[in-house]
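Peer 1: turn this into a model:
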Amino acid sequence: MSIPHLTEEQLQQARRAALAARTRRAEAKARLREGRWTFATLVEQADADDVVAHIKVVDALRCLPRVGHKRAAEIMARLEIAPNRRLRGLGHHQTQSLLREVG
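Peer 2: Now for the predicted structure:
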């Protein structure tokens, strides 16, 4: 299967959509980092919003206070969550364990 050839207008539209998605994910992570959202709120938003659902779990964890690369990796390993897992890809038990872990 080959990649479809897109017109310049279609490329521009795709670029705008990608930028909007990146911006929404950045805003969600900023809300978490600033304390306006809890981790549970982020998970709820991910259930309703496809864009937020594509945030990597490790990136979301690193937005929490006192959680850096090392602690986020430790939490992910302890809960047996793959490093490349996104919020939408978490199972029910993983989500519950993660919410208990981060409060």
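Peer 1: check the offset of the strand or helix carrying A28 from the chain's centre.
Peer 2: Taking DSSP states H and E as the definition, one finds A28 inside helix 8-34. On the basis of C-alpha atoms, centre = their mean, to the nearest Å, helix 8-34 sits 13 Å off its chain's mean C-alpha point.
Peer 1: in this structure, which residue is closest to the centre?
Peer 2: For the chain, I55 is the residue whose C-alpha lies nearest the centre (C-alpha atoms, centre = their mean; 1.5 Å).
Peer 1: quick one, phi psi at it?
Peer 2: Here is the backbone geometry of I55 (degrees, to the nearest 10): phi -70, psi 130.
Peer 1: that one reaches A46, doesn't it?
Peer 2: Yes: at 7.0 Å, I55 and A46 qualify as touching, with contact defined as C-beta atoms under 8 Å. (Glycine included, C-beta is placed from N, CA and C.)
Peer 1: circling back to that earlier point, got the contact list for the residue nearest to the centre of the chain?
Peer 2: The contact partners of I55, by C-beta atoms under 8 Å, 6 or more residues apart in numbering, come to 25, 28-29, 42, 46, 86-87.
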